[in-house]
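# Generate coordinates for the sequence data below:
(2 chains)
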Amino acid sequence: MLEIKNLHVKLEEEDKQILKGVNLTVEAGKVHAIMGPNGSGKSTLSYVLAGKDGYEVTEGSATLAGEELLELEPEERAALGVFLAFQYPVEIPGVGNMTFLRTAVNAQRKARGEEELSASDFLKVVREKAKTLKIDADMLKRPVNVGFSGGEKKRNEILQMAMLEPKMCILDETDSGLDVDAMKLVADGVNALRDEGRGFLVITHYQRLLDHIKPDVVHIMADGRIIKTGGPELALEVENNGYADILAEVA
Amino acid sequence: MALPELKQSTTEARLASLSMPAGGCLEAARRAAISRVQATGLPDRRDEYWKYTRPDTLTVAEAPKAAVFDSGEEPMFDAFDRIKIVFVDGVFDAAASDDLALEGVSIERLADLAGKDIHWSKDIYGVLEARGQSPVERPLAALNTGYATDGVVIHVTGRPSKPINLVYRHQSDSSDAMLHHVVKVDSGAEATILENGPAASRFSHVMEIDIADTGTLHLVRAQGRDHELRNATHLFARLGRESVFKSFTLTVNGVLTRNEAVIEFLGDDAVAHVAGACVGDGDFHHDDTVFVTHDAVNCESRQVFKKVLRNGATGVFQGKILVKEGAQKTDGYQISQSLLLDDDSQFLAKPELEIYADDVACSHGSTSGAIDEDGLFYLRSRGVPEAEATDLMTLAFLAEAVEEIDSDDIAASINDRLYGWLARRR
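Numbering: from 1, shown residues only, chains lettered A, B, ... in the order given. Take a look at the predicted model:
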């Protein structure tokens, strides 16, 4: 599904290399987790895949189902099936959540040459999906993320994911700022989307999210590279011993 | 003191081009206002208050022409149940207007007061305008008091079930209209006034608003889409105890617009919000000039002005909060922001605070900036194309001003117009 080869990325504004040769393949139907200390390049990887400005790819490639992503605009990547759940979802005053969702869903359908959803069909689907995420009518009506609690923002990200039905879901520290109940709700939302045709890349600092979203593969990232790959037990090792042992072992 | 020569001749030429309508009970007010204009002269570029906006086309005897523009759009507020009062190039159109009878309010034409010796509006007409001449002169408003040909005189005594909608239509490319409205809101009464449309090639507008203790008035204006319009509008509002005044003005296009608002708190615990959103492209100069005087305890004032400017458009904001001695617990807020969509456009802001009380909370901020990149990326990452995402972020920028409108339906109709304007420019 997602294939990243020898990806090197530096900051556009300064001469600072962030990613130094990332190799990673996420197969359809699988959940991969990336863990790593602060500053290892995890969030940069997610931004580069989604197409944020400010980064320069100096080497390597990233493809989704065989299509090169790195040359594309963010909206083109989205239409191909890339979805990034933001660590800090952005507040957009004056734009109703529902309007935003419908604009996004229909823009993607249009870009793929599909028919746009009618207002009533859309409403039906969104209500049903919102209900399972405990998102009420008021939250749908309010401006995007404005006045939402941390948990509400993250649930709203998952609602967008559910509506857009992406092929490749990238979750950037979706657990940050969540209490246990909110995390469970978000994890349930993600698990409901697990599907044979869909890949997941879950970026997190902590094992606890992975108790709820069980990964197939765990990668440890440090200093712009993936330094170790293993099964779910690798996350437990980090939880118990921190990164020091792994970093020492690789060095 | 004699006026400077140029000012004197401009003023004389303008006064000579006008004739005072029959006054009736308003005659004394009209004469006094004309004397004020003669004493101060009409504004020119050298006046500090007109530093950022050239007043010459507003003061010249003959109005510059403005082409009539057919937007092809349904007039704003047509979808609302309202009482419609129509002025075509400043002339009342009885056939196009609704019957003015509505429970909770009495509506009369200003022109009809000429035949009356006694009328309540005598205590307001030209009175609030005259109060508003100090500490800053507003000669265009005095000129309007002297020569306004018509307007509406509204007395809100209860809670009318629907808004009163003043609809302006522009049909002649050389029209020069002068309307003067008086609004009196009784204690406990509440009404909504809507104004929309291009009024004339050149439009001078004054609305004097007197809100008694515990009264409420909502005012929403949309100034029409004709590109060559010149507007000089003035709101003068006087607020009693626990009264509420909320105003919002939408400006889309127009070559020159000067919107002045003069708010005075005379009773404690009152609230006044003045807000405006404008979008301008190219030959567009828009000036919001606001003066709020707190002369009572525990009053709240908010000024929220947002301007979207492109292709060399200019935005101006002059906003002042004056807190008089003894006006404790004043809560004054003022924000003026512009979104500059290119390097050619400019925003000139002069925020002022003058405070003579020691227990107050006043804040002001003024910024010029570009589209919020994080928001833009967020929308695009969800598949929204860049042009549409830019429009949505522009609406987001304007939202704080639009949200000052209490009615969600009216706010939504304003947002629709703004989105339409942006979408036409993609």
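# Name the residues of the stretch 201-350 of chain B found near chain A, please.
By CB under 8 Å from any CB of the partner chain, no residue of the stretch 201-350 of chain B approaches chain A. Yep, even glycine has a C-beta here, placed from its N, CA and C like the rest.
# all strands of the stretch 201-350 of chain B, in order?
For the stretch 201-350 of chain B, the strands defined by DSSP state E, counting those that start in this stretch cover B:202-211, B:216-222, B:230-239, B:244-252, B:256-265, B:271-281, B:285-294, B:300-310, B:314-323, B:331-340, B:346-355.
# do the same with the stretch 51-200 of chain A
A:55-64, A:67-68, A:82-85, A:92-96, A:143-144, A:168-172, A:199-203.
# so where does B:Ile85 fall, helix or strand?
Using DSSP states H and E, B:Ile85 falls within strand B:83-88.
# Redo the strands of the stretch 51-200 of chain A as a markdown table? Include mean neighbour count, mean pLDDT and distance to A:Ile227.
Output for the strands of the stretch 51-200 of chain A, formatted as a markdown table (neighbours: other CB atoms under 10 Å in any protein chain shown; pLDDT from 0 to 100; distance: least, CB to CB, whole Å):
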| stretch | mean neighbour count | mean pLDDT | distance to A:Ile227 |
| --- | --- | --- | --- |
| strand A:55-64 | 16 | 95 | 17 |
| strand A:67-68 | 12 | 94 | 26 |
| strand A:82-85 | 25 | 97 | 23 |
| strand A:92-96 | 22 | 88 | 38 |
| strand A:143-144 | 24 | 92 | 37 |
| strand A:168-172 | 25 | 96 | 20 |
| strand A:199-203 | 25 | 95 | 15 |
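# can you tell which of the ones you listed is closest to chain B?
Among the strands of the stretch 51-200 of chain A, the nearest to chain B by CB to the nearest CB is strand A:92-96 (2.6 Å).
# which helices and strands sit right next to the closest one?
Applying 3 or more CB pairs under 8 Å, 6 or more residues apart in numbering or on different chains; DSSP states H and E, we find strand A:92-96 packed against strand A:143-144, helix B:373-381, helix B:386-402.
# Are the shortest one and chain B in contact anywhere?
Yes - among the residues of strand A:143-144, A:Pro143 lie within reach of chain B under CB under 8 Å from any CB.
# Count the residues that sit near the nearest residue to A:Tyr243 once chain neighbours are set aside.
In space, and not counting its chain neighbours, A:Tyr243 is closest to A:Pro37: 5.1 Å by CB to CB, 6 or more residues apart in numbering or on different chains. Residues lying near A:Pro37 (other CB atoms under 10 Å in any protein chain shown) number 17.
# just B:Arg380 next, same as before
B:Arg380 has 26 neighbours, counted by other CB under 10 Å.
# now swap in the one 5 residues further on and tell me
The tally of other residues near B:Pro385 (other CB under 10 Å) stands at 21.
# wait, what's in contact with it?
Contact analysis of B:Pro385 by CB atoms under 8 Å, 6 or more residues apart in numbering or on different chains lists A:75, A:107, A:111.
# The second one contacts B:Gly383, correct?
Which is A:Ala107. Yes - with contacts counted by CB atoms under 8 Å, A:Ala107 reaches B:Gly383, the gap being 4.7 Å.
# follow-up on the earlier one: quick one, grab the pLDDT at the residue nearest to A:Tyr243.
pLDDT recorded at A:Pro37 is 88.
# just B:Val271 next, same as before
If you check B:Val271, the pLDDT there is 98.
# doesn't B:Glu300 make contact with it?
Yes - between B:Val271 and B:Glu300 there is a contact under CB under 8 Å: 4.8 Å.
# joint contacts of A:Ala107 and B:Gly383?
Taking CB under 8 Å, 6+ apart as the contact rule, A:Ala107 and B:Gly383 both touch A:75, A:79.
# Neighbour count for these two, which is higher?
Taking other CB under 10 Å, A:Ala107 and B:Gly383 do not tie; B:Gly383 has more neighbours (30 against 23).
# The more buried one looks like it's in a strand, true?
No - counting by DSSP: H, G, I helix; E, B strand; the rest coil, B:Gly383 falls outside a strand, being coil.
# List the contacts of it.
A:75, A:78-79, A:104-105, A:107-108, A:111, A:164.
# Buried subset of those residues as a ChimeraX selection?
In ChimeraX, this line selects whichever of the contacts of B:Gly383 come out buried by 16 or more other CB atoms under 10 Å in any protein chain shown:
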select /A:75,78,79,104,105,107,108,164
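# residues from chain A in reach of chain B?
Residues of chain A lying near chain B (CB under 8 Å from any CB): A:50-53, A:73-75, A:77-79, A:82-84, A:86, A:89-95, A:100, A:103-105, A:107-108, A:111, A:143, A:160, A:164.
# pretty sure A:Asn130 is touching A:Leu159, no?
Not quite, residue A:130 is Ala, not Asn. Yes - using CB under 8 Å, A:Ala130 is in contact with A:Leu159, at 5.9 Å.
# Quick one: which of the contacts of B:Gly383 has the lowest pLDDT value?
In terms of pLDDT, A:Ala111 ranks lowest among the contacts of B:Gly383, with 89.
# Using the three-state scheme, assign B:Ile107.
Assigned state for B:Ile107: strand (three-state reduction, three-state DSSP).
# Please list all residues in contact with the closest residue to chain A within the stretch 151-300 of chain B.
Closest to chain A within the stretch 151-300 of chain B is B:Ala277: 10.1 Å, counting by CB to the nearest CB. Going by CB under 8 Å, 6+ apart, B:Ala277 touches B:248-251, B:305-308, B:398, B:401-402, B:414, B:418.
# next one: B:Ser301
Contacts for B:Ser301 (CB under 8 Å, 6+ apart) come out as B:263, B:265, B:271-274, B:292, B:294, B:321, B:330-333.
# Could you dump these into a markdown table and include neighbour count?
Below are those laid out as a markdown table (neighbours: other CB atoms under 10 Å in any protein chain shown):
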| residue | neighbour count |
| --- | --- |
| B:Ile263 | 26 |
| B:Phe265 | 30 |
| B:Val271 | 17 |
| B:Ala272 | 24 |
| B:His273 | 20 |
| B:Val274 | 28 |
| B:Val292 | 24 |
| B:His294 | 31 |
| B:Ile321 | 25 |
| B:Thr330 | 25 |
| B:Asp331 | 15 |
| B:Gly332 | 23 |
| B:Tyr333 | 16 |
